[in-house]
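>>> Okay, predicted coordinates and the sequence, questions at the end:
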Amino acid sequence: MKNFPERLKELRQEKGLSIQSLAKEVKISSSSLCRWENGQADIKGTQLVILAVYFGVSIDYLMGLEE
């Protein structure tokens, strides 16, 4: 089962977005997105909701808790 960093990167790449372009779309810093994708930082709840809504997936899916 994939974890959050893997899911985030996969979803971003499926949309053909760079970290910078995704950051601009969702109004989150590109450094935060980069740290999340590299597993160097934990995501906060509100930011998790923003990404789940943007990608049209559940929070459980984004966190790697469901397929």
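Nice, I can see it.
>>> list the buried ones in stretch 35-48?
Trp36, Glu37, Ile43, Gln47, Leu48 (16 or more other C-beta atoms under 10 Å). Where C-beta positions appear, they are placed from N, C-alpha and C, glycine not excepted.
>>> same question but for stretch 16-32, I mixed them up
For stretch 16-32, by 16+ other C-beta under 10 Å, it's Leu17, Ile19, Leu22, Ala23, Ile28.
>>> Among those residues, name the ones in helices.
The helices, defined by DSSP state H, take in Ile19, Leu22, Ala23 from the buried residues of stretch 16-32.
>>> Include pLDDT when you put the residues you listed into CSV, please.
As requested, these are exported to CSV (pLDDT from 0 to 100):
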residue, pLDDT
Ile19, 97
Leu22, 98
Ala23, 97
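>>> In which helix or strand does the most centrally placed residue in the chain reside?
For the chain, Leu8 is the residue whose C-alpha lies nearest the centre (C-alpha atoms, centre = their mean; 3.6 Å). Using DSSP states H and E, Leu8 sits in helix 4-14.
>>> picking up where we left off before, wait, the residue nearest to the centre of the chain sits on Ile50?
No. Contact criterion C-beta atoms under 8 Å: Leu8 and Ile50 do not qualify, at 11.9 Å.
>>> Distance of the nearest residue to Phe4 once chain neighbours are set aside relative to Arg12?
Leaving aside its chain neighbours, Phe4 sits nearest to Met63 (5.2 Å; criterion: C-beta to C-beta, 6 or more residues apart in numbering). According to C-beta to C-beta, to the nearest Å, Met63 stands 15 Å off from Arg12.
>>> related to what we said a few turns ago, isn't the residue nearest to Phe4 right up against Pro5?
No. With contacts counted by C-beta under 8 Å, Met63 stays clear of Pro5, the gap being 10.5 Å.
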